[in-house]
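> Sequence first, then the predicted structure:
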Amino acid sequence: MTVATLRIATRKSALALWQAEHVAALLRAAHPGLQVELVPLSTRGDEILDQPLATIGGKGLFLKELEVAMLEGRAELAVHSLKDVPAELEPGFALPAILPRADAADAFVSNDYADLAALPLGARVGTSSLRRQAQLRAVRPDLELLDLRGNVGTRLQKLDAGHYEAIVLACAGLERLGLHERIRHRLAAPEWLPAPGQAAIAVEARSDQPAVLEALAVLDDAETRLAVSAERSMNRALGGSCTVPVGAWCTVTEHGLHLRGMVGDVSSGRLLVAEAVAGDNDAVSLGDKVADALFAQGAAALLNA
Ligand SMILES: NCc1[nH]cc(CCC(=O)O)c1CC(=O)O
């Protein structure tokens, strides 16, 4: 059985639409004659903008409405930023494709200051991510950390309006939106860790639709899948949500996988860091191993804080 049409459920933000169009173009190129359409939808995560994600219940918020559309037969697939996909997928769904990763670094964005070190004492920095807050606190305990939600464009507007001296965003999102020049400084591994799965685009579909899964699997990048499997398995072992400050970065070399993981504490800026290596058949156990090493350093106390 082959599929004639694929409908892509997507959020309506500029970044989500760019990512869905990107997947649509790749699918059209891979399957000549295939009809590919976008189904833009609003999610709870997009509608509730006045509270940090950690308070309103975490990451599944961006997926629910897209998954309902697939269950009701209004779309065959959904496109997500992998870092917004919970460590545990909803039963009945799969990720048949993970695209090659873009720049996984975070971006220091400011109109007046070149990097973190250049910020004046007590400067206001906007980010609602606990992972970013903990790492900022660790290097600059004097900073005033302020919540900042909304899509990438809204966050940049709030910076430009003077609410903050600097904000932190993902390099990948800025690049996809043609905003590369807003990156003043890259906050990159190993000193600074991204979110598990950051900069990878994930394609989700129902696990009971083999023809769809097969059509989507051509977009999968094996190396990215290995790296993000290790990062996401670490996150899952740590309790797996965005309500805790967790960072992870896995590299793939000819010698195998190297995973570095971090659990942080926002109020003290204390960061626990652990790393380990494994062969490329062992991505999931590598994640578990680094999580165990973080627990051995006392991660449970920070995760329950
Ligand atoms: N939480 C929103 C979100 N989800 C994914 C990205 C960036 C793109 C990516 O990581 O693939 C962003 C924006 C940001 O953090 O600046």
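Received the coordinates, thanks.
> and the host helix or strand of residue 6, what other elements does it pack with?
For residue 6, the host element (DSSP states H and E) is strand 5-11. Packing partners of strand 5-11 (3 or more Cβ pairs under 8 Å, 6 or more residues apart in numbering; DSSP states H and E): helix 14-30, strand 35-41, helix 64-71, strand 77-81. The way it works is simple: take the backbone N, C-alpha and C, and place the C-beta from them, glycine included.
> right, and those - which one's nearest the ligand?
With Cβ to the nearest ligand atom as the criterion, the ligand lies closest to strand 77-81 of the helices and strands packed on strand 5-11, at 3.3 Å.
> Direction included, what does the closest one pair up with?
Using DSSP bridges, strand 77-81 pairs in its sheet with strand 5-11 (parallel), strand 201-206 (antiparallel).
> from the chain's centre, how far out does the first one sit?
I take that to be strand 5-11. 20 Å (Cα atoms, centre = their mean, to the nearest Å).
> so it versus strand 35-41, what angle?
With axes from the mean of the first three to the mean of the last three Cα atoms, to 10 degrees applied, the angle from strand 5-11 to strand 35-41 works out at 30 degrees.
> now the angle from strand 5-11 to helix 64-71?
Using the same axes, to 10 degrees: strand 5-11 against helix 64-71 is 160 degrees.
> Which residue lies closest in space to the residue of the stretch 201-305 of the chain found nearest the ligand, excluding its sequence neighbours?
Of all residues in the stretch 201-305 of the chain, residue 201 sits closest to the ligand, at 6.3 Å by Cβ to the nearest ligand atom. Excluding the flanking residues, the one nearest residue 201 by Cβ to Cβ, 6 or more residues apart in numbering is residue 99, at 4.3 Å.
> Contact partners for that neighbour?
For residue 99, the contact set (Cβ atoms under 8 Å, 6 or more residues apart in numbering) comprises 22, 23, 26, 200, 201, 202, 203, 219, 220, 221, 224.
> just the helices and strands packed on strand 5-11: most buried one?
Across the helices and strands packed on strand 5-11, averaging neighbours per residue (mean count of other Cβ atoms under 10 Å) puts strand 77-81 on top, at a mean of 26.
> do that one and the ligand meet?
Yes: Strand 77-81 reaches the ligand (Cβ under 6 Å from any ligand atom) through residue 81.
> How about the residues of the stretch 101-250 of the chain by the ligand?
Residues of the stretch 101-250 of the chain lying close to the ligand (Cβ under 6 Å from any ligand atom) are 152, 169, 170, 172, 173, 198, 199.
> Show the contacting residues for the last one.
By that I understand residue 199. For residue 199, the contact set (Cβ under 8 Å, 6+ apart) comprises 83, 101, 102, 103, 104, 170, 171, 172.
> cool, and residue 22?
99, 176, 201.
> switch the cut-off to 10 Å
Neighbour list for residue 22: 79, 99, 176, 201, 219 [criterion: Cβ atoms under 10 Å, 6 or more residues apart in numbering].
> How about residue 255?
By Cβ under 10 Å, 6+ apart, the neighbours of residue 255 are 277, 279, 280.
> quick check, nearest of these to residue 17?
Closest approach to residue 17 among these (Cβ to Cβ): residue 280, at 33.9 Å.
> for the closest one, phi and psi?
Dihedral pair for residue 280: phi -80, psi 10, per degrees, to the nearest 10.
> can you check the one 10 residues further on too?
Note on residue 290: its backbone torsions stand at phi -70, psi -40 [degrees, to the nearest 10].
> let's number from 256 now, not from 1
Sounds good: first residue 256 from here, last item residue 545.
> what about the nearest residue to it once chain neighbours are set aside, distance to residue 269?
Excluding the flanking residues, the one nearest residue 545 by Cβ to Cβ, 6+ apart is residue 516, at 4.3 Å. Counting by Cβ to Cβ, to the nearest Å, the separation of residue 516 from residue 269 is 31 Å.
> Retrieve the pLDDT associated with residue 305.
Here, the pLDDT recorded for residue 305 equals 65.
> With residue 495 instead?
pLDDT for residue 495: 68.
> Then residue 560?
For residue 560, the model assigns a pLDDT of 72.
> What is the neighbour count of it?
The number of residues packed near residue 560 is 11, by other Cβ atoms under 10 Å.
> quick one: contacts for it?
499, 500, 520, 521, 522, 523.
> likewise residue 523?
Residue 523 neighbours (Cβ under 10 Å, 6+ apart): 389, 392, 393, 396, 557, 560.
> Name the nearest residue to the third one, sequence neighbours excluded.
Ranked by Cβ to Cβ, 6+ apart and with sequence neighbours excluded, the top spatial neighbour of residue 393 is residue 524, at 4.1 Å.
> in which helix or strand would I find the one you found?
Going by DSSP H and E, residue 524 is not in any helix or strand.
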